[in-house]
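A.B. asks: Sequence and predicted structure below; questions after.
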Amino acid sequence: MADKKKILIAEDDTFLQGLVSSKLGKSGFEVMVANNGKDAIKLSDENTPDIILLDLVMPGTDGFAALEKIRKSSATKKTPIIVFSNLAEAKDIERARELGANEFMIKSNFTLDELVDKINEFVKAGQGLK
């Protein structure tokens, strides 16, 4: 069996974090979680995930700052990053894309199954990206 793909979930809402972690774990991913941007940066540097799911509104270091730092790291500069946020304004989406987000998904518009499908698209397309 192939190695499990590592996914980092940066989400401060513990209920949603639990739901997404459980769904991704059942879908065959190795899941790491961070409750804030600072931890997301640290975990991404230490573990080089295959994909990062990033909320933008988090305490301390927010998702925008985390995204910028993760993109500057040689280990994660090409790692697919899906921003999964309730921020839905065009300026926020544009800023996330400018900072290096590969995809922007508005939480309220997607089911967990659709999120897993999107992650799987990136994993399949990103074979050997790093």
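C.D. replies: That came through fine.

A.B. asks: L67 reaches I81, doesn't it?
C.D. replies: Yes - counting by C-beta atoms under 8 Å, I81 is a contact partner of L67 at 6.4 Å. For every residue, glycine as well, the C-beta is placed using N, CA and C.

A.B. asks: Could you tell me which residues touch both of these two?
C.D. replies: Shared contacts of L67 and I81 (C-beta atoms under 8 Å, 6 or more residues apart in numbering): 54, 100-101.

A.B. asks: what sits against the residue most central in space within the chain?
C.D. replies: Using C-alpha atoms, centre = their mean, the residue of the chain that lies closest to the mean C-alpha position is L53, 1.3 Å off. Contacts of L53 were listed using C-beta under 8 Å, 6+ apart, and they are 7-11, 20, 82, 84, 115, 119.

A.B. asks: want to throw those into TSV with distance to A125, neighbour count and pLDDT?
C.D. replies: Below are the contacts of L53 laid out as TSV (distance: C-beta to C-beta, whole Å; neighbours: other C-beta atoms under 10 Å; pLDDT from 0 to 100):
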residue	distance to A125	neighbour count	pLDDT
I7	15	25	97
L8	18	25	98
I9	20	25	98
A10	21	31	98
E11	23	26	97
V20	21	23	96
I82	12	20	97
F84	18	26	95
L115	16	20	95
I119	11	24	94
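
A.B. asks: which among these gets closest to D39?
C.D. replies: A10 (7.4 Å; C-beta to C-beta).

A.B. asks: Contacts only, for the closest one.
C.D. replies: A10 makes contact with 33-37, 39-40, 52-55, 58, 63, 66, according to C-beta under 8 Å, 6+ apart.
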